[in-house]
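**Student:** Any chance you could fold what I've pasted below:
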Amino acid sequence: MKCKYLWQKYNKSLLDNSIFKILLLSISLIFSISIKADVILHAFNWNYSQVTEQADEISSIGYKKVLVSPAYKSTGDQWWARYQPQDLRLIDNPLGNTNDFRIMVQTLKNKGIEVYADIVFNHMANESYKRADLNYPGDAILSQYSSNLSYYNSLKLFGDLSNNYINESDFNPAGCITDWGNAGHVQYWRLCGGNGDTGLPDLDPNNKIVEQQKSYLKALKQIGVSGFRVDAAKHMSNYHINSVFTDEITKNMHIFGEIITSSGAGDDSYDNFLAPYLSQTNHSAYDFPLFASLRNALSFGGSMNLLVDPIAYGQALPKNRSITFSITHDIPTNTGFRYQILDPVDEMLANAYILGRDGGVPMIYSDHNESNDGNRWLDLYKRDDIKAMIKFHNEVKDHDMQIIAFNDCMILFKRNHAGIVGINKCGSGQDVWVDTANHNLYWYRNYKNVLNPTEVQYVTSQWHKFYLPPRQAKMWLMQ
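**Tutor:** Numbers count the residues shown, from 1 in each chain. Take a look at the predicted model:
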């Protein structure tokens, strides 16, 4: 969910029904899309030209996909303005235009990197402060188009830029969401701020709107986009989502929804929103259940046991439907979600887990300090530890994961014989003796820690001790 408004607190509780969970998993396996677990760089609020300029660096680090901010007509310098669409028929916003977008996609494609587009189909821009009607893009923008029609037509993705393409009849009735546990209320009413704000106009998924949105997606596919992030999917009915994302559009595409939940099984936000989304679509989703498991495991008094097999307990999404992360842009930029920000060391440990484990598609977030957190995530994508973790991930991604040892403080797991990950969240070191024969670790080979290449484990016997220092992660890669 995107915008400058103060977000409401999400409710907790989920129907913890074993049969339901088994059915959901079965459905997800039937409809799953085979997606390589390549790391996604979320280039949040980056200019398209900046992504183009950094293509060589992005490729050299090992990213295979880049998610960029919404590409359509929008105005305003604030990050949240990108999530208030005025016109889908062309790309023209402070991040760049259609030509910039095309160049970026082609440049990344030449480097073997796919582009994913962030899309907003739930609502249009809140422009009640400047006009009362719900005609989009509005007379002022149409006048702008007409003043230089050849230029704007050169940016056109579809449609006729001489007319408004959305009007009053294309919106649900006005009204602000007040019952955040009621799916119908959340999906058919508006995201509003305070002080009498009328909210983001909520689109009615009528035939005209659906066809326009499909035309937009087809145009982005034609340019070369390989995936779509569905923003505010929690606020769209699954009828709307499935009407737009037809077989023609989803073919060879990776699609995932943003549905923020407080936890997994046993949580109302999961039961009412994320579980139906997974069961009624073939899309992936942000793995907020796994993120909650990470927060709980790494918290004071929490246990790393929670990370041994969270999927089995409904506390992580199926591996083939999961987008994993340690931070998303909504968490630091919206007051209601900032409680989910991890301690910096815990975030590093969480990154080691999601980039060390198998399953899911890891996403690394990198911004321009939009949240005013002291540049904490500025250039995160190329921080030394992230680069090392991506190297480990790419080297072992075809190897299965097996747990070796765990307790409240630590977890040690391997990727067959190719790599070993150890994470110790506690303030004291942990000695872990491993039966290397039983766990198929190769003897007389160096296992080098990618996070500190001077640290090498040389296995020469059946029992080998792995030492995990306090508050550190180790990612040993077989040489």
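
**Student:** list the buried ones in the longest helix anywhere in the chain?
**Tutor:** In the chain, taking DSSP state H as the definition, the longest helix is helix 207-223. Buried residues in helix 207-223, counted by 16 or more other Cβ atoms under 10 Å: 209-210, 212-214, 216-217, 219-221, 223. (C-beta placed from N, C-alpha, C; glycine too.)

**Student:** Kindly report the same for stretch 130-147.
**Tutor:** So for stretch 130-147, counting by 16+ other Cβ under 10 Å, buried means 134-138, 141-142, 145.

**Student:** helices or strands up against the longest helix of the chain?
**Tutor:** The contact analysis (3 or more Cβ pairs under 8 Å, 6 or more residues apart in numbering; DSSP states H and E) places helix 207-223 against helix 98-110, strand 114-119, helix 238-244, helix 247-250.

**Student:** Those: which one's closest to residue 417?
**Tutor:** strand 114-119 (30.1 Å; Cβ to Cβ).

**Student:** Could you give the average pLDDT over that closest one?
**Tutor:** If you average the pLDDT over strand 114-119, you get 98.

**Student:** same deal with stretch 287-306?
**Tutor:** Stretch 287-306 comes out at a mean pLDDT of 98.

**Student:** ok, now stretch 124-140?
**Tutor:** 95.

**Student:** Kindly report the same for stretch 143-150.
**Tutor:** In the prediction, stretch 143-150 has an average pLDDT of 98.

**Student:** before we move on, what about stretch 327-343?
**Tutor:** For stretch 327-343, the mean confidence score works out to 96.

**Student:** how long is it from one end to the other?
**Tutor:** In stretch 327-343, first residue to last residue: 11 Å (Cα to Cα, to the nearest Å).

**Student:** now stretch 454-465
**Tutor:** 17 Å.

**Student:** Which residues outside that stretch are in contact with it?
**Tutor:** 420, 431-437, 441-449, 466, 474, 476 (Cβ atoms under 8 Å, 6 or more residues apart in numbering).

**Student:** can you do 6 Å?
**Tutor:** The contact list for stretch 454-465 (Cβ atoms under 6 Å, 6 or more residues apart in numbering) reads 431, 433-434, 436-437, 441, 443, 446-449, 476.

**Student:** Now the buried members of those.
**Tutor:** Buried among those by 16+ other Cβ under 10 Å: 434, 436, 441, 447-449, 476.

**Student:** picking that back up, among the buried residues of stretch 130-147, name the ones in helices.
**Tutor:** Reading helices off those with DSSP H, I get 141-142, 145.

**Student:** Of those residues, just say which sits nearest to residue 384.
**Tutor:** residue 141 (44.8 Å).

**Student:** Contacts only, for the closest residue to that closest one other than its chain neighbours.
**Tutor:** Using Cβ to Cβ, 6 or more residues apart in numbering and skipping residues adjacent in sequence, the residue nearest residue 141 is residue 86, 6.2 Å away. Counting by Cβ under 6 Å, 6+ apart, residue 86 touches 73-74, 125, 137.
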